[in-house]
Every structure is written in C-alpha cells, then in structure tokens.
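Chemist: please work out how this folds:
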Amino acid sequence: MQKINKAFVLIRVMVACCTISTAQFKTIKYLTDTTDVPNPERGFYIAMHSKAGGMDTAELIKLRTIESIKSSNANYTARITLVYKGYLLTAFRNDTLSSGFLQLLQQDFDAIRIVGLKMVIRFSYTDKSMAGDCPDMGICPPYGDAPKSIVLQHIAQLKPLLIANADVTAVAQQDFIGIWGENFYTDYFGDESQNNAGAMMDSNWADRNEVLKALLDAMPKSRMVQVRTPRIRQRFIDGTRALIYSLPMKDAEGFTASDKSRIGLHNDCFLSSVDDYGTFSDNGNLPAAKEAVNEILRKYWIAESHYLAVGGETCDDAFSPQNDCAPWGHAEQEMASMHYSFLNVSYNNLVNNDWQTQGCMAAIKKKLGYRFVLKQAILPTKLHAKDAMPISVTLTNEGFASPYNPRQLQLILRNKLSGNVIAIPLQTSVQRWFTGKVEIKQSIILPVGIEVGEYELLLNLPDEYASLKGRAEYSIRCANKDCWEEMTGYNKLNHVVTIKR
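Modeler: The predicted structure is shown next:
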C-alpha cells in the first residue's frame, strides 16, 4: 500500500552525459511566504448560481484578486481560484438540451477563462426534496431525476463543450443521478434509501457504470471525474459485485490517463458523521446484506486519494468535536490523509467558522491541494555554451496533495540584455510532487547557437493547455518572498548565469 505523506520524492533525471570543467557554482537560499498564496485548481471554491449564463466578470475578478466571501455569516475570508457550478437540467428531464442552454453554458466557460479562474462542474436534474409520509426522513419519491436514456443523450450533447473547455475545467463530477446529483435518492437508478429496500440490484449498478463511463469518455484523458462515494469507484473498476476489500491502485497506475486513474471523490459531507452521511458506507446489492465498512473504506480511500482529485464540502456541525481543529478534533489530519485539494468556502459555515475561531483555518487555506516552497538551489555562475548546465533545486510541498492535473516544469533562461526567453522542459512529473521534499537534479544541454551573455534563471509551471500557457494566473506560484513575477507567472531563482563561447 502506498505510504501516505512521503518524507520526500527524489526526482533525478540526467539528460546529458557531458561534464563541466570550468563551471563555478553558487548556493541560493529562499525565504518562505507565510500567506495564503492563490494557485490554480486548489483551495476554497465558491459555489455560483445554478442557471447557465449571466456570470458577472467584474465580480469574478474580485474573487480572483481580493480575499472575499459572499456568505454573510462567515467569520473568515479566502482567495478564490475555483468556481463550482452545479447546473440544473430540470427543464430537460424528458427532452434534449436546447441550443440556448448550450450557448449560455459556453458563455460561462468564456467568462471563467477571461478572468483567470477554473470550474468544478456538475449537472443534475433536481435540487429539491419532497416531504411526505415515507420511511426515509421525509424525503419522498418521486425524486425528479431523469432516466438513463436521457442522461446518456445529454452527456453526448455536452461532450463537444466539455472537450473544448477542458482548459478551464479543473474537474467534472459524475452527478446526473438523484437529488442534488448525489447518486442516492433516484427514480431510475436504484433507490437504496429506506423508501425502497435499502440496497440496489446489479442492473442498477450496471446503469450507473454506463453513465460514469459516458462522462469519462466525454472528458479529455487529462481530466478526472469525481464520484460521490468510494463504492461507486470500486464497482466501476471491479464490477457490479466488487468487494469492499478492493485493492487500491498501485503506484505505477497513478496519473496514467486510464479510467482507473481518473475517478476521484467529492465528499459533500466531510466529517459530518461516523461515515460522513453514507460516503463511506457499502451501498450494497440485493440480496446480499450490507457490511459495516466505514473503516475499511476509509483506509482504501486514504491509499487511493494519493493519486486522485479529492474535494467537497462540510455539511453538518453535529459531528463536533471530531470535525474541529486539533486537539479537540482531527479536521486537518483527515484532509492530509485523504489529500484534499478543495472545499466549499461557504458551506457549512457552522463547521468552517469553528476552524477560524479555533485557529486552524489559516493553515487549511494554505494547505488545501499543493503548496510548493523553494528552499535552496545550487546553480552555475559561468559556463561555456557547449557545456551541459547542471542544476540542483530543492523545494517542499507543504500542501495536503499534489496537483491532480498534468503540468510541465520549465527552466527559463532570460537574456538580461535582449530579454529573449528560452524555455527548457525539465524531466519530471509535477503530479508526483507529493507532500514533503522534492529534489530536481538535472544536467541540461543548452540550445545550439545560444547567444552569449548574462541570463536570469527562473522556473515556470504553466498550464498544459496552449490557450492558458502564457497566462500568469494559470501558472503555479511558489510560496516564497521575492520570487514571483506577477506579469509572467515565473518563479525567480534569483540567480544569473554567464554563458560564454
């Protein structure tokens, strides 16, 4: 099983066999920025209205540039780089998606791209529960979702937009099924609530797997799809009768763009009860009885989450003090062990406000997802253009997780006289920069014909999409003082190398 919070990850790739006999070296130390550094695809997200279209770009810019929160009863603020959009398809439960809806959806993607944010995206057919005389706590059928044929038709219609706008989609959620899209109270995919028999048939799981497969295929291989419970993941990978003892991914299977490596988790009731309101329950088949599986599934997810997109929200403060800061509770410990990258900034504020009052909110804001801090670099001061250039950079990931989407690391050489920029890709997987120490040691062959002169050295972690690669808002910023370039998105190594003939 993958060990959590590795002490370090050593990345050592030699890309040249040359040696330098004339090089001189300098060691540079870096100062840590202790503030909450905004970065792409991580942190607290804000949930926007459920209708398509009408996004206010001026308001979105404020979210990106100012610590703000719209919820009036919050006692904290946050910098936002993620917007959650849960689109309601109620009007289309028995029909195709209209061209008007698809146009408004594209307008939302465009607005998000203009201001430099990304989206967590979800589609569902109902967000209303109906009270009445039924066994399951007043949530009664009919629930109001759509049949499988309609769901698959809608996913097919959405596919071109999802692929075209994957650059500003951090992650999609597989939530076409049930109230709120949470795969539980559903009219068509097996009602496992007490209103039915409390479990589902194999055919129900087969239908759910078909929907999940359709959404995975509607997204590029570089993007993950989050599901509501670990059992949904297990039953997709290992079949409708998958055991609760399913083995987690092996290290070599992580970040491979296979379906198995692309199914993450959104826990929308983080630390709200013993099993997080059913998140870590069996969701069993008929006629087999459910097992008490909370601890088994938690251990499974601790191992799986190392390689997957994990996020969600708090939903109930009743599980206090477990959901409090240490030493009363273990909120941070849970986020770290399950590698949380994002949470809802405004729900549930009874829980979130406690984190502010009890003193751990500042750490949570900084640690959600990744947080790269430069520590030291050993770099040459002079070398000949024909020589290889050895570099050694040490940093630490102080966050709960590594980046879940692929991203390149570039060494930037910028000529101090002409301003010309040379971007050299470094051989590393940024997705595997797990919590702890990261070392980058490589020997680089300089481009043929490079002009002599003085070059500033910088690191760049740009977005993988060409549409965003040159935009600083979408590059990763290291949590260091005097290193970040706001205009370029580069991280200065605060070093100059002289290249001679």
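
Chemist: what's the weakest-modelled helix or strand in the protein?
Modeler: For the chain, the helix or strand with the lowest mean confidence is strand 8-12, at a mean of 35 (criterion: mean pLDDT, DSSP states H and E).

Chemist: quick check: mean pLDDT of whatever helix or strand comes next after that strand?
Modeler: Next helix or strand after strand 8-12 toward the C-terminus (DSSP states H and E): strand 24-29. Strand 24-29 comes out with an average pLDDT of 95.

Chemist: partners of strand 24-29 in the sheet?
Modeler: Sheet pairing for strand 24-29, assigned by DSSP bridges, gives strand 372-384 (antiparallel).

Chemist: could I get the average pLDDT for the partner strand?
Modeler: Within the predicted structure, the mean pLDDT of strand 372-384 is 97.

Chemist: next, give phi and psi for Tyr84.
Modeler: Backbone geometry at Tyr84, expressed as degrees, to the nearest 10, gives phi -90, psi 130.

Chemist: what's near enough to touch it?
Modeler: Contacts here follow C-beta atoms under 8 Å, 6 or more residues apart in numbering; on that basis Tyr84 touches Tyr45, Ile46, Ala47, Met48, Met119, Val120, Ile121, Arg122, Asn344. Placement of C-beta: from N, CA and C, glycine included.

Chemist: for those, pick the one with the most neighbours.
Modeler: Of all the contacts of Tyr84, the most densely surrounded is Tyr45 (30 neighbours; neighbours counted as other C-beta atoms under 10 Å).

Chemist: nearest residue to that one in space, please, no chain neighbours.
Modeler: The shortest distance from Tyr45 to any residue other than its chain neighbours is 3.7 Å, reached at Leu82 (C-beta to C-beta, 6 or more residues apart in numbering).

Chemist: kindly state the beta-bridge partners for that neighbour.
Modeler: Counting by DSSP bridges, Leu82 forms beta bridges with Tyr45, Lys118.

Chemist: number of nearby residues for it?
Modeler: Applying the criterion other C-beta under 10 Å, we find 28 residues in the vicinity of Leu82.

Chemist: now do the phi/psi pair for the residue most central in space within the chain.
Modeler: Ranked by distance to the mean C-alpha position of the chain (C-alpha atoms, centre = their mean), the top residue is Ala309 at 4.5 Å. As for Ala309, its main-chain torsions (degrees, to the nearest 10) stand at phi -80, psi 120.

Chemist: quick one: pLDDT of it?
Modeler: 98.

Chemist: repeat that for His339.
Modeler: Model confidence at His339, expressed as pLDDT, equals 98.

Chemist: next: Glu439.
Modeler: Reported pLDDT for Glu439: 98.

Chemist: thinking it is in contact with Val393, fair?
Modeler: Yes. Under the criterion of C-beta atoms under 8 Å, Glu439 makes contact with Val393 at 7.5 Å.

Chemist: more neighbours: which of the two?
Modeler: When Glu439 and Val393 are compared for neighbours, Val393 comes out ahead with 24 against 16, by other C-beta under 10 Å.

Chemist: so Ile232 sits in a strand?
Modeler: No. Under DSSP: H, G, I helix; E, B strand; the rest coil, Ile232 falls outside any strand and is assigned helix.

Chemist: could I get the buried residue list for stretch 450-468?
Modeler: Neighbour-count burial for stretch 450-468 flags Ile450, Tyr455, Glu456, Leu457, Leu458, Leu459, Asn460, Leu461, Pro462, Asp463, Leu468 (criterion: 16 or more other C-beta atoms under 10 Å).

Chemist: now stretch 315-325
Modeler: When burial is assessed from 16+ other C-beta under 10 Å, stretch 315-325 yields the following buried residues: Cys315, Asp316, Asp317, Phe319, Asn323, Asp324, Cys325.

Chemist: redo those residues as a markdown table? Include pLDDT and secondary structure.
Modeler: Formatted as a markdown table, the buried residues of stretch 315-325 follow (pLDDT from 0 to 100; DSSP: H, G, I helix; E, B strand; the rest coil):
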| residue | pLDDT | secondary structure |
| --- | --- | --- |
| Cys315 | 95 | coil |
| Asp316 | 95 | coil |
| Asp317 | 96 | helix |
| Phe319 | 96 | helix |
| Asn323 | 98 | coil |
| Asp324 | 98 | coil |
| Cys325 | 98 | coil |
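
Chemist: Met201: which of these is nearest?
Modeler: When those are compared for distance to Met201 (C-beta to C-beta), Cys315 wins out at 28.4 Å.
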